[in-house]
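Asks: coords please:
(chains A and B)
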Amino acid sequence: MTGDPAAIVEDDLQAYVDGRLTGERLAAVEAHLAQHPDLRERLAIEQRQRAQLRGQLEAKFAEPIPARLRIANIRAARRHRWLRGFGIAAAGLLLFAAGAGAGWFIGHRSPDIAAAPATSAVAQNAAVAYRTYVVEVAHPVEVDAQHQAHLLQWLSRRLGKPLVAPDLAPFGYRLMGGRLLPAGSGAAAQLMYDDASGKRLTVYVRAAEGSETAFRFQHEGEASTFAWIDQGFGFAVTGMLPREELLPIAEAVYHGFAGDADTTRKN
Amino acid sequence: MADATALLEPQIPALRRYAYALLRDHDLADDLVQDTLERALARWTQRRDDGDLRAWLFTIQRNLYVSGGRQRRRRGPAIGLDEALLPGTAPKQEAALEVHDVLAALEQLPEEQKSLLLLVGVEDFSYDDAARILDLPIGTVMSRLSRARQRLRSIVETGKTTFLRRVK
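Replies: Here you go, the predicted structure:
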(Lines give C-alpha, C1' and ligand atoms only; values in the text may rest on other atoms or scores of the structure.)
Protein backbone atom coordinates (compact mmCIF):
# COMPACT_ATOMS: atom_id res chain seq x y z
CA MET A 1 0.00 0.00 0.00
CA THR A 2 2.13 2.84 -1.28
CA GLY A 3 1.09 6.40 -2.04
CA ASP A 4 -1.96 7.73 -0.30
CA PRO A 5 -2.29 5.58 2.82
CA ALA A 6 -6.02 6.13 2.90
CA ALA A 7 -6.63 4.92 -0.65
CA ILE A 8 -8.26 1.51 -0.93
CA VAL A 9 -6.32 -0.74 -3.28
CA GLU A 10 -7.02 -4.18 -4.68
CA ASP A 11 -4.73 -5.79 -2.07
CA ASP A 12 -7.03 -4.44 0.62
CA LEU A 13 -10.03 -5.92 -1.09
CA GLN A 14 -8.42 -9.35 -1.31
CA ALA A 15 -7.43 -9.18 2.35
CA TYR A 16 -11.03 -8.18 3.10
CA VAL A 17 -12.34 -11.26 1.25
CA ASP A 18 -9.93 -13.39 3.28
CA GLY A 19 -11.03 -11.77 6.51
CA ARG A 20 -7.52 -10.58 7.24
CA LEU A 21 -8.18 -6.89 7.78
CA THR A 22 -8.48 -5.43 11.23
CA GLY A 23 -8.89 -2.09 12.91
CA GLU A 24 -8.69 1.07 10.86
CA ARG A 25 -8.01 -0.67 7.58
CA LEU A 26 -11.12 -2.81 7.93
CA ALA A 27 -13.17 0.24 8.85
CA ALA A 28 -11.81 2.12 5.83
CA VAL A 29 -12.71 -0.70 3.45
CA GLU A 30 -16.17 -1.06 4.93
CA ALA A 31 -16.76 2.66 4.57
CA HIS A 32 -15.60 2.47 0.98
CA LEU A 33 -17.91 -0.46 0.23
CA ALA A 34 -20.86 1.38 1.74
CA GLN A 35 -20.47 3.92 -1.03
CA HIS A 36 -19.82 1.41 -3.81
CA PRO A 37 -22.62 -1.17 -3.93
CA ASP A 38 -21.27 -2.82 -7.10
CA LEU A 39 -17.96 -3.49 -5.46
CA ARG A 40 -19.67 -4.64 -2.30
CA GLU A 41 -21.71 -7.12 -4.32
CA ARG A 42 -18.57 -8.40 -6.07
CA LEU A 43 -16.74 -8.98 -2.81
CA ALA A 44 -19.77 -10.67 -1.30
CA ILE A 45 -19.75 -13.17 -4.17
CA GLU A 46 -16.05 -13.78 -3.72
CA GLN A 47 -16.50 -14.33 -0.02
CA ARG A 48 -19.35 -16.71 -0.67
CA GLN A 49 -17.36 -18.71 -3.19
CA ARG A 50 -14.44 -18.87 -0.81
CA ALA A 51 -16.73 -20.28 1.87
CA GLN A 52 -18.32 -22.72 -0.59
CA LEU A 53 -14.93 -24.06 -1.64
CA ARG A 54 -13.98 -24.63 1.98
CA GLY A 55 -17.31 -26.30 2.61
CA GLN A 56 -16.94 -28.65 -0.33
CA LEU A 57 -13.54 -29.78 0.89
CA GLU A 58 -14.46 -30.11 4.55
CA ALA A 59 -15.46 -33.77 4.29
CA LYS A 60 -12.14 -34.65 2.67
CA PHE A 61 -10.29 -33.04 5.55
CA ALA A 62 -12.38 -34.94 8.09
CA GLU A 63 -11.72 -38.37 6.57
CA PRO A 64 -9.63 -40.74 8.68
CA ILE A 65 -6.08 -41.16 7.42
CA PRO A 66 -5.83 -44.31 5.29
CA ALA A 67 -3.37 -46.95 6.47
CA ARG A 68 -1.01 -46.49 3.55
CA LEU A 69 -0.46 -42.85 4.50
CA ARG A 70 0.35 -43.60 8.12
CA ILE A 71 3.91 -42.50 8.72
CA ALA A 72 4.82 -45.77 10.43
CA ASN A 73 3.66 -47.73 7.39
CA ILE A 74 5.42 -45.46 4.92
CA ARG A 75 8.62 -45.86 6.91
CA ALA A 76 8.23 -49.63 6.98
CA ALA A 77 7.74 -49.68 3.21
CA ARG A 78 10.79 -47.49 2.65
CA ARG A 79 12.94 -49.77 4.76
CA HIS A 80 11.54 -52.77 2.97
CA ARG A 81 12.52 -51.40 -0.43
CA TRP A 82 15.90 -50.48 0.90
CA LEU A 83 16.53 -53.91 2.35
CA ARG A 84 15.29 -55.63 -0.77
CA GLY A 85 17.78 -53.60 -2.79
CA PHE A 86 20.51 -54.80 -0.51
CA GLY A 87 19.81 -58.44 -1.06
CA ILE A 88 18.84 -61.08 1.42
CA ALA A 89 22.35 -61.89 2.62
CA ALA A 90 23.00 -58.27 3.45
CA ALA A 91 19.62 -58.05 5.13
CA GLY A 92 20.53 -60.99 7.34
CA LEU A 93 23.77 -59.29 8.23
CA LEU A 94 21.90 -56.12 9.05
CA LEU A 95 19.45 -57.96 11.22
CA PHE A 96 22.35 -59.55 13.02
CA ALA A 97 24.04 -56.19 13.43
CA ALA A 98 20.85 -54.67 14.83
CA GLY A 99 20.58 -57.52 17.30
CA ALA A 100 24.20 -57.17 18.30
CA GLY A 101 23.76 -53.44 18.69
CA ALA A 102 20.84 -54.03 21.00
CA GLY A 103 23.06 -56.27 23.09
CA TRP A 104 20.86 -59.24 22.44
CA PHE A 105 23.34 -61.55 20.81
CA ILE A 106 25.94 -62.66 23.24
CA GLY A 107 29.23 -64.19 22.27
CA HIS A 108 30.44 -64.97 18.78
CA ARG A 109 28.03 -65.99 16.08
CA SER A 110 28.27 -66.18 12.34
CA PRO A 111 26.02 -63.66 10.61
CA ASP A 112 24.66 -66.35 8.37
CA ILE A 113 20.94 -66.95 8.09
CA ALA A 114 21.30 -70.71 7.71
CA ALA A 115 23.34 -70.90 10.89
CA ALA A 116 20.99 -68.68 12.84
CA PRO A 117 18.96 -70.45 15.46
CA ALA A 118 15.45 -71.49 14.56
CA THR A 119 13.88 -68.74 16.65
CA SER A 120 15.82 -66.10 14.79
CA ALA A 121 14.69 -67.52 11.48
CA VAL A 122 11.07 -67.43 12.63
CA ALA A 123 11.50 -63.85 13.77
CA GLN A 124 13.00 -62.87 10.46
CA ASN A 125 10.33 -64.61 8.39
CA ALA A 126 7.71 -62.90 10.49
CA ALA A 127 9.37 -59.50 10.08
CA VAL A 128 9.55 -59.90 6.29
CA ALA A 129 5.89 -60.94 6.13
CA TYR A 130 5.01 -58.03 8.37
CA ARG A 131 6.78 -55.51 6.14
CA THR A 132 5.14 -56.94 3.07
CA TYR A 133 1.55 -56.99 4.22
CA VAL A 134 1.24 -54.37 6.92
CA VAL A 135 1.50 -51.61 4.31
CA GLU A 136 -1.07 -53.29 2.09
CA VAL A 137 -4.15 -51.14 1.65
CA ALA A 138 -6.40 -53.07 -0.68
CA HIS A 139 -5.72 -56.60 0.55
CA PRO A 140 -4.05 -56.61 3.94
CA VAL A 141 -5.60 -60.00 4.66
CA GLU A 142 -6.80 -62.89 2.52
CA VAL A 143 -9.73 -63.78 4.73
CA ASP A 144 -11.17 -61.12 6.96
CA ALA A 145 -12.24 -61.37 10.56
CA GLN A 146 -15.91 -61.61 9.62
CA HIS A 147 -15.13 -65.16 8.55
CA GLN A 148 -13.02 -65.91 11.57
CA ALA A 149 -14.19 -69.50 12.01
CA HIS A 150 -13.44 -70.33 8.41
CA LEU A 151 -10.12 -68.50 8.58
CA LEU A 152 -8.90 -70.42 11.61
CA GLN A 153 -10.15 -73.75 10.33
CA TRP A 154 -8.41 -73.22 7.02
CA LEU A 155 -5.11 -72.04 8.50
CA SER A 156 -5.18 -74.82 11.12
CA ARG A 157 -5.60 -77.46 8.43
CA ARG A 158 -2.79 -76.07 6.31
CA LEU A 159 -0.40 -75.73 9.24
CA GLY A 160 -1.35 -78.99 10.88
CA LYS A 161 -1.93 -77.24 14.17
CA PRO A 162 -5.14 -76.03 15.75
CA LEU A 163 -4.89 -72.25 15.61
CA VAL A 164 -6.70 -69.70 17.69
CA ALA A 165 -6.86 -65.96 17.19
CA PRO A 166 -5.51 -64.61 20.48
CA ASP A 167 -7.73 -61.95 21.97
CA LEU A 168 -5.76 -58.71 21.96
CA ALA A 169 -8.69 -56.45 22.80
CA PRO A 170 -7.18 -55.64 26.22
CA PHE A 171 -4.35 -53.96 24.29
CA GLY A 172 -6.75 -52.16 21.97
CA TYR A 173 -6.14 -54.42 18.97
CA ARG A 174 -8.82 -56.23 17.03
CA LEU A 175 -8.43 -59.01 14.52
CA MET A 176 -8.51 -57.87 10.88
CA GLY A 177 -8.05 -61.33 9.41
CA GLY A 178 -5.25 -63.50 8.18
CA ARG A 179 -3.47 -65.12 5.29
CA LEU A 180 -1.49 -68.18 4.35
CA LEU A 181 2.16 -67.73 3.41
CA PRO A 182 4.90 -69.99 2.08
CA ALA A 183 7.58 -70.84 4.64
CA GLY A 184 10.41 -73.07 3.53
CA SER A 185 8.95 -76.44 2.69
CA GLY A 186 5.71 -75.76 4.53
CA ALA A 187 3.20 -73.05 5.18
CA ALA A 188 2.92 -70.18 7.61
CA ALA A 189 -0.08 -68.30 8.91
CA GLN A 190 -0.20 -64.58 9.51
CA LEU A 191 -2.94 -63.00 11.59
CA MET A 192 -3.21 -59.24 11.39
CA TYR A 193 -4.62 -56.93 14.05
CA ASP A 194 -5.12 -53.21 14.11
CA ASP A 195 -5.96 -50.62 16.73
CA ALA A 196 -8.25 -47.60 16.55
CA SER A 197 -5.50 -45.45 15.05
CA GLY A 198 -4.85 -47.96 12.26
CA LYS A 199 -1.61 -49.23 13.78
CA ARG A 200 -1.12 -52.85 12.81
CA LEU A 201 0.57 -55.83 14.36
CA THR A 202 0.89 -59.40 13.20
CA VAL A 203 1.00 -62.83 14.78
CA TYR A 204 2.99 -65.31 12.69
CA VAL A 205 3.01 -69.10 13.08
CA ARG A 206 4.88 -71.81 11.20
CA ALA A 207 6.41 -75.21 11.81
CA ALA A 208 9.90 -74.98 13.32
CA GLU A 209 12.46 -77.33 14.78
CA GLY A 210 12.61 -77.44 18.54
CA SER A 211 10.45 -78.06 21.53
CA GLU A 212 10.59 -74.78 23.37
CA THR A 213 12.69 -71.70 23.70
CA ALA A 214 12.61 -68.44 25.57
CA PHE A 215 11.31 -65.30 23.96
CA ARG A 216 13.75 -63.79 21.54
CA PHE A 217 13.49 -60.08 20.79
CA GLN A 218 14.58 -58.63 17.49
CA HIS A 219 14.35 -55.04 16.46
CA GLU A 220 14.74 -53.78 12.96
CA GLY A 221 14.05 -50.16 12.16
CA GLU A 222 10.85 -49.51 14.08
CA ALA A 223 9.44 -53.01 13.79
CA SER A 224 9.96 -55.13 16.86
CA THR A 225 9.48 -58.89 16.98
CA PHE A 226 9.19 -61.33 19.83
CA ALA A 227 9.65 -64.91 18.65
CA TRP A 228 9.63 -68.26 20.39
CA ILE A 229 9.30 -71.93 19.63
CA ASP A 230 6.86 -74.22 21.29
CA GLN A 231 6.04 -77.86 20.51
CA GLY A 232 7.48 -77.86 17.00
CA PHE A 233 5.98 -74.53 15.99
CA GLY A 234 7.56 -71.13 15.78
CA PHE A 235 5.57 -68.06 16.82
CA ALA A 236 6.30 -64.41 16.33
CA VAL A 237 4.54 -61.19 17.25
CA THR A 238 5.63 -58.18 15.21
CA GLY A 239 4.61 -54.58 15.54
CA MET A 240 5.87 -51.05 15.42
CA LEU A 241 6.04 -50.84 19.17
CA PRO A 242 8.81 -50.41 21.67
CA ARG A 243 9.95 -53.58 23.38
CA GLU A 244 8.21 -52.91 26.67
CA GLU A 245 4.84 -52.43 24.94
CA LEU A 246 5.18 -55.44 22.69
CA LEU A 247 6.24 -57.83 25.45
CA PRO A 248 2.88 -58.04 27.28
CA ILE A 249 1.16 -58.58 23.92
CA ALA A 250 3.59 -61.38 23.06
CA GLU A 251 2.92 -62.94 26.45
CA ALA A 252 -0.82 -62.80 25.85
CA VAL A 253 -0.35 -64.44 22.46
CA TYR A 254 1.86 -67.11 24.02
CA HIS A 255 -0.75 -67.89 26.64
CA GLY A 256 -3.47 -67.83 23.99
CA PHE A 257 -1.74 -70.53 21.96
CA ALA A 258 -0.35 -72.50 24.88
CA GLY A 259 -3.77 -72.63 26.51
CA ASP A 260 -5.33 -73.89 23.34
CA ALA A 261 -2.66 -76.56 22.80
CA ASP A 262 -3.14 -77.63 26.39
CA THR A 263 0.52 -77.40 27.22
CA THR A 264 1.78 -76.89 30.70
CA ARG A 265 4.92 -74.99 29.90
CA LYS A 266 5.84 -72.37 32.40
CA ASN A 267 7.36 -69.17 31.17
CA MET B 1 13.80 -38.81 13.05
CA ALA B 2 12.01 -39.96 16.15
CA ASP B 3 9.69 -36.96 16.10
CA ALA B 4 8.88 -37.25 12.39
CA THR B 5 5.81 -39.38 12.95
CA ALA B 6 4.37 -37.12 15.62
CA LEU B 7 5.02 -34.01 13.53
CA LEU B 8 3.92 -35.34 10.15
CA GLU B 9 0.70 -37.15 10.97
CA PRO B 10 -1.26 -34.03 12.01
CA GLN B 11 -0.46 -32.50 8.61
CA ILE B 12 -1.88 -35.37 6.56
CA PRO B 13 -5.57 -34.32 6.48
CA ALA B 14 -4.72 -30.92 5.00
CA LEU B 15 -2.30 -32.43 2.49
CA ARG B 16 -5.01 -34.85 1.38
CA ARG B 17 -7.49 -32.00 1.02
CA TYR B 18 -5.10 -29.96 -1.14
CA ALA B 19 -4.19 -33.01 -3.24
CA TYR B 20 -7.81 -33.93 -3.78
CA ALA B 21 -8.76 -30.39 -4.77
CA LEU B 22 -5.97 -30.43 -7.37
CA LEU B 23 -6.63 -33.90 -8.75
CA ARG B 24 -10.32 -34.57 -8.04
CA ASP B 25 -9.54 -38.26 -7.77
CA HIS B 26 -9.25 -39.92 -4.37
CA ASP B 27 -6.65 -42.53 -5.30
CA LEU B 28 -4.44 -40.20 -7.30
CA ALA B 29 -4.65 -37.68 -4.47
CA ASP B 30 -3.46 -40.22 -1.93
CA ASP B 31 -0.67 -41.27 -4.31
CA LEU B 32 0.46 -37.66 -4.36
CA VAL B 33 0.30 -37.36 -0.57
CA GLN B 34 2.23 -40.61 -0.20
CA ASP B 35 4.95 -39.33 -2.52
CA THR B 36 5.04 -36.10 -0.53
CA LEU B 37 5.43 -37.89 2.79
CA GLU B 38 8.10 -40.21 1.40
CA ARG B 39 10.08 -37.27 0.13
CA ALA B 40 9.64 -35.44 3.41
CA LEU B 41 10.97 -38.45 5.32
CA ALA B 42 13.91 -38.82 2.92
CA ARG B 43 14.81 -35.16 3.42
CA TRP B 44 13.85 -34.91 7.04
CA THR B 45 17.34 -34.14 8.25
CA GLN B 46 17.78 -31.41 5.64
CA ARG B 47 14.73 -29.59 6.91
CA ARG B 48 15.50 -26.28 8.57
CA ASP B 49 14.63 -26.52 12.22
CA ASP B 50 13.23 -23.02 12.31
CA GLY B 51 11.22 -23.47 9.13
CA ASP B 52 7.48 -23.92 9.06
CA LEU B 53 6.83 -27.63 8.61
CA ARG B 54 3.40 -27.12 7.07
CA ALA B 55 4.67 -24.71 4.43
CA TRP B 56 7.59 -27.04 3.70
CA LEU B 57 5.25 -30.00 3.15
CA PHE B 58 2.92 -28.02 0.91
CA THR B 59 5.90 -26.82 -1.10
CA ILE B 60 7.03 -30.40 -1.64
CA GLN B 61 3.55 -31.55 -2.58
CA ARG B 62 2.91 -28.68 -4.95
CA ASN B 63 6.27 -29.21 -6.67
CA LEU B 64 5.59 -32.93 -7.04
CA TYR B 65 2.22 -32.15 -8.53
CA VAL B 66 3.57 -29.63 -10.99
CA SER B 67 6.61 -31.64 -12.02
CA GLY B 68 4.86 -35.01 -12.01
CA GLY B 69 2.53 -34.34 -14.90
CA ARG B 70 -0.27 -35.64 -12.73
CA GLN B 71 -2.86 -33.31 -14.16
CA ARG B 72 -5.76 -35.10 -15.74
CA ARG B 73 -4.05 -38.45 -15.93
CA ARG B 74 -6.64 -41.20 -15.97
CA ARG B 75 -9.29 -38.62 -16.74
CA GLY B 76 -9.16 -38.46 -20.49
CA PRO B 77 -8.51 -35.42 -22.63
CA ALA B 78 -10.03 -32.08 -21.79
CA ILE B 79 -12.69 -30.74 -24.11
CA GLY B 80 -12.41 -27.18 -25.30
CA LEU B 81 -14.53 -24.44 -23.83
CA ASP B 82 -16.23 -23.76 -27.14
CA GLU B 83 -17.89 -27.13 -27.03
CA ALA B 84 -19.00 -26.44 -23.52
CA LEU B 85 -20.69 -23.27 -24.62
CA LEU B 86 -22.64 -24.80 -27.46
CA PRO B 87 -26.26 -23.85 -27.05
CA GLY B 88 -28.55 -26.52 -25.77
CA THR B 89 -25.94 -28.60 -23.98
CA ALA B 90 -26.68 -27.19 -20.58
CA PRO B 91 -30.21 -27.61 -19.33
CA LYS B 92 -31.17 -24.68 -17.17
CA GLN B 93 -32.12 -26.88 -14.27
CA GLU B 94 -28.66 -28.38 -14.05
CA ALA B 95 -27.01 -25.01 -14.41
CA ALA B 96 -28.87 -23.81 -11.38
CA LEU B 97 -27.59 -26.72 -9.34
CA GLU B 98 -24.05 -26.14 -10.46
CA VAL B 99 -23.76 -22.64 -9.10
CA HIS B 100 -22.57 -24.01 -5.81
CA ASP B 101 -19.97 -26.33 -7.28
CA VAL B 102 -17.04 -23.98 -6.88
CA LEU B 103 -14.71 -26.95 -6.66
CA ALA B 104 -15.64 -27.97 -10.20
CA ALA B 105 -15.30 -24.40 -11.41
CA LEU B 106 -11.82 -24.31 -9.94
CA GLU B 107 -10.71 -26.86 -12.51
CA GLN B 108 -11.00 -24.25 -15.23
CA LEU B 109 -8.23 -22.18 -13.69
CA PRO B 110 -4.53 -22.52 -14.39
CA GLU B 111 -2.70 -24.53 -11.75
CA GLU B 112 -1.06 -21.53 -10.16
CA GLN B 113 -4.32 -19.69 -9.59
CA LYS B 114 -5.97 -22.87 -8.42
CA SER B 115 -3.20 -23.52 -5.89
CA LEU B 116 -3.29 -19.94 -4.74
CA LEU B 117 -7.01 -20.02 -4.01
CA LEU B 118 -6.59 -23.29 -2.13
CA LEU B 119 -3.54 -22.27 -0.12
CA VAL B 120 -4.93 -18.90 0.90
CA GLY B 121 -8.67 -19.50 0.92
CA VAL B 122 -8.83 -23.07 2.24
CA GLU B 123 -5.54 -23.81 3.97
CA ASP B 124 -5.29 -20.34 5.53
CA PHE B 125 -1.67 -19.77 4.59
CA SER B 126 -0.48 -16.19 4.93
CA TYR B 127 0.17 -14.33 1.68
CA ASP B 128 3.89 -14.51 2.45
CA ASP B 129 3.79 -18.28 2.92
CA ALA B 130 1.73 -18.74 -0.24
CA ALA B 131 4.32 -16.67 -2.11
CA ARG B 132 7.09 -18.91 -0.82
CA ILE B 133 5.25 -22.14 -1.60
CA LEU B 134 4.51 -21.00 -5.15
CA ASP B 135 7.93 -19.37 -5.50
CA LEU B 136 6.44 -16.03 -6.50
CA PRO B 137 7.09 -12.46 -5.36
CA ILE B 138 4.49 -11.28 -2.85
CA GLY B 139 3.19 -8.58 -5.20
CA THR B 140 2.57 -11.19 -7.87
CA VAL B 141 0.69 -13.33 -5.40
CA MET B 142 -1.70 -10.49 -4.61
CA SER B 143 -2.42 -9.67 -8.24
CA ARG B 144 -2.85 -13.33 -9.18
CA LEU B 145 -5.17 -13.88 -6.26
CA SER B 146 -7.32 -11.03 -7.46
CA ARG B 147 -7.32 -12.39 -11.00
CA ALA B 148 -8.07 -15.92 -9.84
CA ARG B 149 -11.14 -14.78 -7.92
CA GLN B 150 -12.31 -12.71 -10.82
CA ARG B 151 -12.06 -15.69 -13.16
CA LEU B 152 -13.74 -18.01 -10.73
CA ARG B 153 -16.61 -15.58 -10.45
CA SER B 154 -17.09 -15.36 -14.18
CA ILE B 155 -16.85 -19.13 -14.62
CA VAL B 156 -19.53 -19.76 -12.05
CA GLU B 157 -21.71 -16.92 -13.33
CA THR B 158 -21.69 -18.12 -16.92
CA GLY B 159 -22.39 -21.69 -15.85
CA LYS B 160 -19.41 -23.21 -17.59
CA THR B 161 -19.09 -25.62 -14.74
CA THR B 162 -22.14 -27.48 -15.97
CA PHE B 163 -20.00 -28.88 -18.72
CA LEU B 164 -17.45 -30.18 -16.27
CA ARG B 165 -19.91 -32.33 -14.50
CA ARG B 166 -21.15 -33.78 -17.74
CA VAL B 167 -17.78 -35.11 -18.90
CA LYS B 168 -16.94 -36.88 -15.68
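
Asks: And the residue nearest to A:Leu241 when sequence neighbours are not counted, what's its pLDDT?
Replies: Closest residue to A:Leu241 apart from its sequence neighbours, by C-beta to C-beta, 6 or more residues apart in numbering or on different chains: A:Ser224 at 5.8 Å. Where C-beta positions appear, they are placed from N, C-alpha and C, glycine not excepted. On the pLDDT scale, A:Ser224 is placed at 90.

Asks: tell me the SS of A:Ser224?
Replies: The three-state label given to A:Ser224 by DSSP: H, G, I helix; E, B strand; the rest coil is strand.

Asks: Quick check: closest non-adjacent residue to residue 32.
Replies: Unless you meant another one, I'm taking chain A. Using C-beta to C-beta, 6+ apart, the closest residue to A:His32 is A:Ile8 (4.6 Å).

Asks: was after chain B, sorry
Replies: B:Leu32 sits nearest to B:Ala19 (C-beta to C-beta, 6+ apart), 4.4 Å away.

Asks: how about the one you found, secondary structure?
Replies: Of the three states, B:Ala19 takes helix under three-state DSSP.

Asks: Compute the number of surrounding residues for it.
Replies: By other C-beta atoms under 10 Å in any protein chain shown, 27 other residues sit near B:Ala19.

Asks: Please tell me how far A:Val203 sits from chain B.
Replies: 23 Å (C-beta to the nearest C-beta, to the nearest Å).

Asks: Check which helix or strand the residue nearest the centre of chain B maps to.
Replies: Centrality entry for chain B: nearest residue to the mean C-alpha point is B:Leu22, 3.5 Å, by C-alpha atoms, centre = their mean. In the assignment (DSSP states H and E), B:Leu22 maps to helix B:12-23.

Asks: do the same with A:Thr202
Replies: Using DSSP H and E, A:Thr202 falls in strand A:200-207.

Asks: Then A:Ile229?
Replies: Assigned by DSSP H and E, A:Ile229 falls within strand A:223-230.

Asks: immediately after that strand, which helix or strand?
Replies: strand A:233-239.

Asks: Pull out the buried positions in whichever helix or strand comes after that next one.
Replies: Following strand A:233-239 in sequence order, the next helix or strand is helix A:243-260 (DSSP H and E). Residues of helix A:243-260 classed as buried by neighbour count (16 or more other C-beta atoms under 10 Å in any protein chain shown): A:Leu246, A:Leu247, A:Ile249, A:Ala250, A:Ala252, A:Val253, A:Tyr254, A:Gly256, A:Phe257, A:Ala258.

Asks: Closest one of those to chain B?
Replies: Using C-beta to the nearest C-beta, the shortest approach to chain B within the buried residues of helix A:243-260 belongs to A:Leu246, at 16.8 Å.

Asks: That closest one and A:Gly239 touch, don't they?
Replies: Yes - counting by C-beta atoms under 8 Å, A:Leu246 touches A:Gly239, with 5.6 Å between them.

Asks: what sits in contact with each of the two?
Replies: Counting by C-beta atoms under 8 Å, 6 or more residues apart in numbering or on different chains, the contacts common to A:Leu246 and A:Gly239 are A:Leu201, A:Ser224.

Asks: ok, residues contacting the helix of greatest length in chain B?
Replies: Scanning chain B for the helix with the most residues, using DSSP state H, yields helix B:138-157. The set of residues external to helix B:138-157 that reach it, using C-beta under 8 Å, 6+ apart, is A:10-11, A:13-14, A:17, A:42, A:45-46, A:49-50, B:99, B:102, B:105-106, B:108-109, B:112-114, B:116-117, B:120, B:127-128, B:130-131, B:134, B:136, B:161.

Asks: What average pLDDT does stretch A:118-138 get?
Replies: 85.

Asks: Would you mark the buried spots in that stretch?
Replies: Per 16+ other C-beta under 10 Å, stretch A:118-138 contains these buried residues: A:119-131, A:133-136.

Asks: same thing with stretch B:140-157?
Replies: B:Val141, B:Met142, B:Arg144, B:Leu145, B:Ser146, B:Ala148, B:Arg149, B:Arg151, B:Leu152, B:Arg153, B:Ile155, B:Val156.

Asks: mind checking which helix or strand B:Glu38 is in?
Replies: Element membership of B:Glu38 [criterion: DSSP H and E] is helix B:26-42.

Asks: What angle do helix B:12-23 and that helix make with each other?
Replies: 130 degrees (axes from the mean of the first three to the mean of the last three C-alpha atoms, to 10 degrees).

Asks: tell me which residues in stretch A:23-31 are buried?
Replies: A:Arg25, A:Ala28, A:Val29.

Asks: Now tabulate those residues in a markdown table and tack on secondary structure.
Replies: Shown next, in a markdown table, are the buried residues of stretch A:23-31 (three-state DSSP):
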| residue | secondary structure |
| --- | --- |
| A:Arg25 | helix |
| A:Ala28 | helix |
| A:Val29 | helix |
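
Asks: just those now: which is nearest A:Phe215?
Replies: A:Arg25 (67.2 Å; C-beta to C-beta).

Asks: Could you double-check that that closest one sits in contact with A:Asp12?
Replies: Yes - contact criterion C-beta under 8 Å: A:Arg25 and A:Asp12 qualify, at 6.5 Å.

Asks: Now list the buried members of the contacts of helix B:138-157.
Replies: Buried, going by 16+ other C-beta under 10 Å: A:11, A:13-14, A:17, A:42, A:46, A:49-50, B:102, B:105-106, B:108-109, B:112-114, B:116-117, B:120, B:127, B:130-131, B:134, B:136, B:161, out of those.
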